[in-house]
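[1] predicted model and sequence follow; I will ask about them next.
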Amino acid sequence: MSFSSMSKQQVLDAGEGAGEEVEELIPGLPEEVAEKCLLHLPFLYHRLFRTVSSTWNRFLTDTPAKPLLFPAGAGAVSFSLPFLFAFAFDPVSRRLQCQALDPFSRRWLMLPPVPGGAAAGSFAVVGLPRRGEIYVIGGVEEGGEKAVGSVAVYSAARNGWEEAAAMRTPRGYMAAGEVGGRVVVAGEDGEAEVFDPEEGRWAPAAARRGAAVARYDAAAAGGKLYVTEGWAWPFERAPRGAVYDATSDAWGEMARGMREGWTGSCAVAGGRMYIVAEYGEWRLKRYEEARDEWRMVAGSGVPTEVRRPHVVAGEVGEFAGGRRRIYVVGAGLDVAVGTVSAAPGVHGGEEEMVEWEVVKGPAEFAGLAPCNAQVLYA
């Protein structure tokens, strides 16, 4: 249903603009075309665009437009655009910055300063792509050892930060991710909690039993949060890993092949888990659950001009023929954009191939060191 085809009662139910008739979004254009035009407006200017008319205001802010952005049950995003949000520290000022890369213009957009003063790498960052929100959670106070429980949330719709409900327990160096539209955090002590963005509050989750798992990397896919303590060569012992299942609210052991092959940073793209290896040519690997193994993706590794440290992110949905997109952000916010597509199988099973394109960061970003990346649809 197009926005303009809603009944007057539906508009009244939307709350804002009660009593007003629905006007054309853009006079003279079919509504389907007008919808696509508005949904592609740069999100940083939505506040300005909402002043054009009450109809534009409702379309860009109220719930009736959300099904157009994210159809119920759909795994892919229909109209809204993926923006890459990169968090980085200035090694001189030690201040945390956040920029957004526009996928079409390939220009970086400066965002409002990130609140809080947690030490680099101690806090968790979780994106809720379908809500257009990013959560910066907890951490350790800069220059100290005290863990904090504060939570700041960025909204792409408002292009601003707000304070959210604090965690029940202050945490630093935690694993975190989006599982089923909620934020799950787990400390190294095994205690965990879940934040529901609709209710705006935290609730306890099942505790993980057994030996501590020092967070090296974490990823969320298929309703589960995967936490690994990583790898080192030569192995002094087998790496440990844990899996939280949101449906059963229970923790389990990570499959052997997954934990032993988790040798880099993981990005989830189109529902699949990929790793950018930290050794050799920085090749891309994909996890296959049925075989419990990481399989090499054909094509070259991350271009060497995108220097370490690397942080990675993936787009939620697929696009144009089932392809998936992965972003690798390097020093100076140079970005390698990887497009993963199906390739003819040689040894049986589904094969994939990646092609890379590099987007150079502006000269003024030369000293920035990335610490996290998220993809939001805005």
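    Here it is on my side, so go on. Numbering: from 1, shown residues only.

[2] could you use CA atoms for every contact and neighbour count after this?
    Noted.

[3] can you pull the contacts of residue 239?
    Applying C-alpha atoms under 8 Å, 6 or more residues apart in numbering, one finds that residue 239 lies in contact with 228-231, 259-260.

[4] assign it to helix, strand or coil.
    Under DSSP: H, G, I helix; E, B strand; the rest coil, the three-state class of residue 239 is coil.

[5] that one and residue 342: what is the separation?
    Residue 239 sits 31 Å away from residue 342, going by C-alpha to C-alpha, to the nearest Å.

[6] residue 306 too?
    From residue 306 across to residue 342, the span is 25 Å (C-alpha to C-alpha).

[7] who has more neighbours out of those two?
    The neighbour count for residue 306 versus residue 342, taken as other C-alpha atoms under 10 Å, is higher for residue 306 (21 against 16).

[8] hmm, residue 336 and that one touching each other?
    Yes. In this structure, residue 306 is within contact of residue 336 by C-alpha atoms under 8 Å, at 6.6 Å.

[9] between these two, what contacts are shared?
    Common neighbours of residue 306 and residue 336 (criterion: C-alpha under 8 Å, 6+ apart): 329, 358.

[10] just for this protein, where's the confidence low?
    Along the chain, segments meeting pLDDT under 70 span 1-22, 39-44, 46-47, 60-80, 211-212, 214-215, 231-237, 345-349.

[11] now the helices for it?
    For the chain, the helices defined by DSSP state H occupy 8-13, 31-39, 46-49, 54-61, 66-69, 256-261.

[12] show me the domain layout of the protein.
    In terms of domains, the chain is parsed into 3-69, 82-377 (source: automatic domain parsing).

[13] most packed of those domains?
    Among these, ranked by average contacts under mean count of other C-alpha atoms under 10 Å, first place goes to domain 82-377 (a mean of 18).

[14] quick one: end-to-end distance for that one.
    End-to-end distance (C-alpha to C-alpha), domain 82-377: 5 Å.

[15] chain center to it, what's the gap?
    A distance of 7 Å separates the C-alpha centroid of domain 82-377 from that of its chain, computed with C-alpha atoms, centre = their mean, to the nearest Å.

[16] which residues touch residue 340?
    With C-alpha under 8 Å, 6+ apart, residue 340 has these contacts: 323-326, 352-355.

[17] and these, which of them are in strands?
    Within the contacts of residue 340, residues falling in strands by DSSP state E are 324-326, 352-355.

[18] which two among the residues you listed are spaced furthest apart?
    326 and 352 (13.2 Å; C-alpha to C-alpha).

[19] what's the spacing between residue 146 and residue 210?
    Relative to residue 210, and taking C-alpha to C-alpha, residue 146 is found at 25 Å.

[20] should've said residue 273
    As for residue 273, its distance to residue 210 is 26 Å (criterion: C-alpha to C-alpha).

[21] go on, residue 298?
    The value you get for residue 298 to residue 210, if C-alpha to C-alpha is used, is 38 Å.

[22] same thing with residue 218?
    Counting by C-alpha to C-alpha, the gap from residue 218 to residue 210 is 18 Å.

[23] what does residue 111 give?
    Applying C-alpha to C-alpha, the value for residue 111 to residue 210 is 41 Å.

[24] and for residue 254?
    13 Å.

[25] ok, now residue 116?
    From residue 116 to residue 210 the distance is 33 Å (C-alpha to C-alpha).

[26] then residue 136?
    Residue 136 is 28 Å from residue 210, by C-alpha to C-alpha.

[27] also residue 88?
    Plainly put, residue 88 is 34 Å away from residue 210 if you go by C-alpha to C-alpha.
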